[in-house]
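Visitor: Need coordinates for the following:
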Amino acid sequence: MASKKKQTTPTDDFSARGAPAPPTQKVFIQRDYSEGTQVKFQTKFPSEFEGKIEREKFEYTINTLNEVYAEAEKMSCSSCCEGCFACLTAYLLYCCSDTHFEKCLKKVAKFIIEQNERVYVPRGLLIIDPVERGLRVIEICIFSDNAASTPARSN
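Guide: All right, here's what the predicted structure looks like:
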């Protein structure tokens, strides 16, 4: 009998590293609809991050996410061929391979994990993948100052 593996979330991963407390505050980075309905997030630096993270690192993260989402939605010859081939195979193609959009979403998830590990978690912050919020917002959890510096507990 196969057992199902529990899928972990970035919040679970943060808790496993020794942050026993829930986030003290959440900041939401809203979608930017100024150029249409494509997935793009505002790059305005939230005042809650003053003294927690450098503006340049925050903007790099948001701009990179915006670039990957733009790449995901870009119409190219390969994405047109992918759609035509999927139609010709009665969409069985998607049983064997990911769509271009899904590949970009995986790239975003990998980037967010990397940024959390290198930049955000050491500063008491945690980015939640926008896919978990329906691509409406980027949720960033702020943990209390002592939660980020608390060493992992040994059980």
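
Visitor: what comes up buried for the lengthiest helix in the chain?
Guide: The longest helix of the chain (DSSP state H) is helix 55-73. Using 16 or more other Cβ atoms under 10 Å as the test for burial, helix 55-73 gives Phe58, Thr61, Ile62, Leu65, Asn66, Val68, Tyr69, Ala72. All C-beta spots, glycine's among them, are computed from the backbone N, C-alpha and C.

Visitor: now stretch 114-133
Guide: 115-116, 119-121, 123-130.

Visitor: which ones among these are found in helices?
Guide: Those of the buried residues of stretch 114-133 lying in helices (DSSP H): Gln115.

Visitor: Same list (the buried residues of stretch 114-133) but as TSV, adding distance to Ala86 and pLDDT.
Guide: Formatted as TSV, those follow (distance: Cβ to Cβ, whole Å; pLDDT from 0 to 100):
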residue	distance to Ala86	pLDDT
Gln115	32	97
Asn116	33	96
Val119	37	95
Tyr120	37	95
Val121	38	93
Arg123	43	93
Gly124	44	92
Leu125	39	93
Leu126	36	94
Ile127	32	96
Ile128	31	95
Asp129	25	95
Pro130	25	96
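
Visitor: For Thr24, state which of the buried residues of stretch 114-133 is nearest.
Guide: Of all the buried residues of stretch 114-133, Thr24 sits closest to Gly124, with 8.9 Å by Cβ to Cβ.
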